[in-house]
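A.B. asks: Dropping the sequence and predicted coords here.
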Amino acid sequence: MSMSKSLATVIAMAMIPVVSAGESRAADQAENKKVVQRAFDAWANGTGSPYDLLAEDVTWTITGNSLASKSYPSREAFIGDVIRPFNARMSVGLKPTIRNMYADGDTVIVFFDASGTAKDGKPYTNTYAWFLDLHGGKIVKASAFFDSIAFNDLWTRLPPAAAQ
């Protein structure tokens with residue numbers, strides 16, 4: 001290779017934009033946060049929900065001592081065992097209000113309140129913290145924290161058969 005070709009190659013390589021790992025991570029964090037924000041906006045507007053983002057093989061863990069606390073090994077297990085029975089107990093579905101949202105790596109943390117009306121006419125309100133791990137715009141792992149007393153009250157006051 002001639003000296004002028006080598007110099008041209010070096011100059012050309014120097015002009016290629018370099019994205020550092022830190023910049024890429026920040027872009028991923030910002031995009032993950034936007035994806036989750038859009039899902040919560042859709043939930044608040046009644047046009048979708050964060051559950052639309054669940055990967056089929058998501059692991060959703062409800063921490064604590066509520067009657068629904070455990071790890072669900074798939075989207076269908078979580079939706080079928082918790083979300084459908086929960087929604088069957090509601091006459092006016094939950095509407096979220098985000099207090100704050102954070103992103104760290106692939107994890108988005110959403111701290112929010114949600115309220116709705118149960119089928120017996122009583123209000124249901126709760127405060128949640130969800131830790132959502134995303135990959136490719138899908139939630140692949142989640143850990144959910146909320147007030148178990150409020151949840152258990154709804155869950156036992158309106159059993160699924162009475163709620164349907």
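C.D. replies: Okay, I see it.
A.B. asks: going forward, measure contacts and count neighbours with C-alpha atoms only.
C.D. replies: OK.
A.B. asks: which residues pair with the residue nearest to Thr107 when sequence neighbours are not counted across the strands?
C.D. replies: Of all residues not flanking Thr107 in the chain, Asp133 sits nearest, at 4.4 Å (C-alpha to C-alpha, 6 or more residues apart in numbering). The residues paired with Asp133 through beta bridges, assigned by DSSP bridges, are Thr107, Lys141.
A.B. asks: My guess is Asp133 contacts Asp104. True?
C.D. replies: No - taking contact to mean C-alpha atoms under 8 Å, the distance of 9.5 Å between Asp133 and Asp104 leaves them out of contact.
A.B. asks: Please save the CA atoms from stretch 26-35 in CSV.
C.D. replies: Only the C-alpha atoms of stretch 26-35 are listed here, as CSV (Å, rounded to 0.1, in the frame of the first residue of the first chain):
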residue,chain,number,x,y,z
ALA,A,26,-28.0,6.2,27.2
ALA,A,27,-29.8,6.0,23.9
ASP,A,28,-31.2,2.5,24.8
GLN,A,29,-32.3,3.9,28.2
ALA,A,30,-34.0,6.8,26.6
GLU,A,31,-35.8,4.6,24.1
ASN,A,32,-36.9,2.1,26.7
LYS,A,33,-38.3,4.9,28.8
LYS,A,34,-40.2,6.3,25.8
VAL,A,35,-41.6,2.8,25.0
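A.B. asks: the helices in the protein, which residues?
C.D. replies: All helices of the chain, identified by DSSP state H, fall at 3-14, 21-45, 75-78, 84-88, 148-157, 160-163.
A.B. asks: From Trp155, how far out is Ile83?
C.D. replies: 12 Å (C-alpha to C-alpha, to the nearest Å).
A.B. asks: circling back: the more surrounded of Asp133 and Asp104?
C.D. replies: Asp133 (22 against 15; other C-alpha atoms under 10 Å).
A.B. asks: Burial check on the closest residue in space to Pro160 that isn't next to it in sequence, number of neighbours?
C.D. replies: Nearest residue to Pro160, sequence neighbours excluded (C-alpha to C-alpha, 6+ apart): Pro85, at 6.0 Å. Pro85 has 18 neighbours, counted by other C-alpha under 10 Å.
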